[in-house]
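Novice: My questions concern the predicted model and sequence given below.
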Amino acid sequence: MTQPTRAVLAVASAILLSACGGGDSTTEDRAEQSPAEAEAAIEETWAAFADAVEKGDGATACAELSDRLAEPNEMNLQLGSPLRGGPGCEETLGDRDATLSFAAGLSAEFAELEVDGATASGVAGAAHPTFAESGGKWEITSVFGQLPEE
């Protein structure tokens with residue numbers, strides 16, 4: 001390979017990497033993420049969720065959830081509804097009147113937080129949230145412990 005060809009490939013690679021969100025964490029980066037960094041990212045995710053629920057900002061709250069938990073049935077079950085179906089995540093968590101007791105049980109601060117690789121669990125007020133790292137982002141996978149298997 002000639003020197004100019006190598007230079008073009010190097011520049012093209014650099015452009016492609018920067019276009020892919022070079023500052024974001026990836027699965028490979030997770031191995032380099034210290035436990036303290038993981039805990040900080042999880043604490044930020046949880047605080048954003050708790051704050052959004054308290055304010056009735058369903059869109060922001062749901063953005064912190066895993067895709068599965070954000071499904072209408074799952075969030076309604078997490079909030080204590082025995083019935084499947086109903087409104088979507090944003091509508092459910094955006095209804096401040098309906099989530100007052102739920103929000104009151106949430107604490108933005110963790111009493112306990114344990115990180116185990118790409119998963120984590122904690123205790124924050126009445127909540128026992130679980131988390132998973134997905135695509136460089138920590139997501140809430142349950143609010144009150146593990147979701148039931150389907």
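Specialist: Perfect, thanks for sending it.

Novice: List the buried residues for stretch 88-100?
Specialist: Buried residues in stretch 88-100, counted by 16 or more other CB atoms under 10 Å: Gly88, Cys89, Glu90, Thr92, Leu93, Gly94, Thr99. C-beta coordinates here come from the backbone N, C-alpha and C atoms, glycine included.

Novice: give the contact list for Glu39.
Specialist: By CB atoms under 8 Å, 6 or more residues apart in numbering, the contact set of Glu39 is Leu113, Val115, Ala120.

Novice: Same check on Ala98?
Specialist: Thr92.

Novice: Just give the nearest non-adjacent residue to Glu90, would you?
Specialist: Gly58 (3.7 Å; CB to CB, 6 or more residues apart in numbering).

Novice: doesn't Cys89 make contact with the one you found?
Specialist: Yes - counting by CB atoms under 8 Å, Gly58 touches Cys89, with 6.7 Å between them.

Novice: what are the ranges of the helices in the protein?
Specialist: Per DSSP state H, the chain carries helices over the ranges 3-19, 27-30, 35-55, 58-63, 72-78, 89-94, 100-104.

Novice: Would you single out the least confident of those?
Specialist: If the helices of the chain are sorted by mean pLDDT, helix 3-19 sits at the bottom with a mean of 29.

Novice: Greatest separation within the buried residues of stretch 88-100: which pair is it?
Specialist: Farthest pair in these (CB to CB) is Gly88 and Thr99. Separation: 13.9 Å.

Novice: ok so, going back, just give me the neighbour total for the residue nearest to Glu90.
Specialist: 22 (other CB atoms under 10 Å).

Novice: before we move on, what about Ser34?
Specialist: 9.

Novice: From Asp97, how far off is it?
Specialist: 41 Å (CB to CB, to the nearest Å).

Novice: Kindly report the same for Glu114.
Specialist: 34 Å.

Novice: circling back: kindly reformat the contacts of Glu39 as a markdown table containing distance to Val53, neighbour count and pLDDT.
Specialist: Formatted as a markdown table, the contacts of Glu39 follow (distance: CB to CB, whole Å; neighbours: other CB atoms under 10 Å; pLDDT from 0 to 100):
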| residue | distance to Val53 | neighbour count | pLDDT |
| --- | --- | --- | --- |
| Leu113 | 19 | 18 | 96 |
| Val115 | 23 | 21 | 95 |
| Ala120 | 19 | 25 | 96 |
